[in-house]
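Q: attaching a predicted model along with its sequence, questions to come.
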Amino acid sequence: MKNVAQKTGVSVATVSHVINETRFVREGTKKKVLKAMKELNYYPNFAARSLRSRKSNVIGLLVPDISILFFTSVVRGVENAIKKHGYTLMLSDSGEKLENEIEQIKIYNTQLIDGLIMAPVSGDHTFLNELLSGYFPVVFIDRKPEGYQGDCILVNNIKGTYDALSVLIEKGHTKIGIITGLLGLTTTEERLIGYKKVLTDYGLKINKNLIKVGDSQFESGYKLTKELLEHTDITALFVTNDLMTVGAMHFLKEKQVKVPNDLAIIGFDDCIWASITDPPLTVIKQPSQKIGEKATELLIKRIKKEEIGEYKEYRLPTRLVIRDSC
């Protein structure tokens, strides 16, 4: 710090204020200090700083499955936002298992993170009332935890599903199958509500045989699509996450099912591959990066005590992207 101060002609205290953001420093001076730090290859010892200040400038992000492209995009949104505020990211994956999630939160409690963004797995989360007590603020994304109250950034799953399936019904489809992921998750439950609501509103019967529940993985999408086509007479299919949609599309291609002539299909999430399938896939697009950015902005406000009081729930809109599969 002394070398940086000498190189820039400012005091050591000013250098410290720039690094720690403990006092206002003019933008020109700040740029000179940061430039000198870079030229001198000086990086502050953040571990030592955090022990002194109880602040680490690290935000934790806990997702259930980083291989799902939706969560990959959320991570990108979080990274975009934290860089603006001088934070770094500590990422972990629970593998959709409650025991892994609990263990990871315990690790975060010992790592001195300043806040946590988390997509909870299925199951009772009343344990968070004790496990998170006073350690750091938390913002939940994509899913609401069962048995625990906190800030949430979600999408309007019910409306998104309703709008998409309305298109199928208005094209004459009356027997629409649905393949959905793990029960007990906000996303699953709300998309099922949207599915049942649109059928009811259009005067169609809800047939339990057309509702298939899997584990949100590729193999499950393949297997359940096979079951529906072999044992029902559906003319359209709605798949509620990207990995299961890939599995469904793989089965249809393998069996040479013509889309949309033999079967119309709509997926959830607009991953990059959706526009290059044959035919291009109609999807319900989620603002995944925006979810990450919004969650980060809210969390940092909680960390800095700029946002206090009651927990907030934000519902971001989805968008139907119509292509050639329906």
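A: That came through fine.
Q: can you tell me the closest non-neighbouring residue to residue 218?
A: Leaving aside its chain neighbours, residue 218 sits nearest to residue 247 (4.2 Å; criterion: C-beta to C-beta, 6 or more residues apart in numbering). Where you see a C-beta, it was placed from the backbone N, CA and C, and this is true even at glycine.
Q: so who does the one you found touch?
A: Neighbouring residues of residue 247 by C-beta atoms under 8 Å, 6 or more residues apart in numbering: 217-223, 225.
Q: list the buried residues of the helix or strand that it is a member of.
A: According to DSSP states H and E, residue 247 maps onto helix 242-254. Of the residues in helix 242-254, 242-249, 251-252 count as buried by neighbour count, 16 or more other C-beta atoms under 10 Å.
Q: likewise stretch 113-125?
A: Buried residues in stretch 113-125, defined by neighbour count with 16+ other C-beta under 10 Å: 113-123, 125.
Q: got any ranges where the stretch 201-326 of the chain has weak pLDDT?
A: Of all residues in the stretch 201-326 of the chain, none has pLDDT under 70.
Q: in it, which spans are helices?
A: If you assign secondary structure with DSSP state H, counting those that start in this stretch, the helices in the stretch 201-326 of the chain sit at 218-231, 242-254, 288-303.
Q: domain-wise, how is the protein divided?
A: Taking automatic domain parsing as the criterion, the chain consists of the domains 2-44, 56-155+288-317, 157-286.
Q: which helix or strand contains the nearest residue to residue 90 once chain neighbours are set aside?
A: Once flanking residues are discounted, residue 90 sits nearest to residue 60: 4.9 Å by C-beta to C-beta, 6+ apart. Taking DSSP H and E as the criterion, residue 60 maps to strand 58-63.
Q: remind me what that strand packs against, helices and strands.
A: Judged by 3 or more C-beta pairs under 8 Å, 6 or more residues apart in numbering; DSSP states H and E, the packing partners of strand 58-63 are helix 69-84, strand 88-93, helix 98-110, strand 115-118, helix 288-303.
Q: CA atoms only: put stretch 164-180 into PDB for me.
A: What follows is stretch 164-180, C-alpha atoms only, in PDB (Å, rounded to 0.1, in the frame of the first residue of the first chain):
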ATOM      1  CA  ALA A 164     -48.500 -21.300 -24.200                       C
ATOM      2  CA  LEU A 165     -51.100 -24.000 -23.900                       C
ATOM      3  CA  SER A 166     -53.800 -21.600 -25.100                       C
ATOM      4  CA  VAL A 167     -52.000 -21.500 -28.400                       C
ATOM      5  CA  LEU A 168     -52.200 -25.300 -28.700                       C
ATOM      6  CA  ILE A 169     -55.900 -25.400 -27.700                       C
ATOM      7  CA  GLU A 170     -56.800 -22.700 -30.200                       C
ATOM      8  CA  LYS A 171     -55.100 -24.700 -32.900                       C
ATOM      9  CA  GLY A 172     -57.500 -27.600 -32.100                       C
ATOM     10  CA  HIS A 173     -55.500 -29.700 -29.700                       C
ATOM     11  CA  THR A 174     -57.700 -31.200 -27.000                       C
ATOM     12  CA  LYS A 175     -55.500 -34.000 -25.800                       C
ATOM     13  CA  ILE A 176     -52.300 -32.400 -24.400                       C
ATOM     14  CA  GLY A 177     -49.800 -34.400 -22.400                       C
ATOM     15  CA  ILE A 178     -47.500 -32.800 -19.900                       C
ATOM     16  CA  ILE A 179     -44.100 -34.000 -18.700                       C
ATOM     17  CA  THR A 180     -42.900 -32.300 -15.600                       C
END
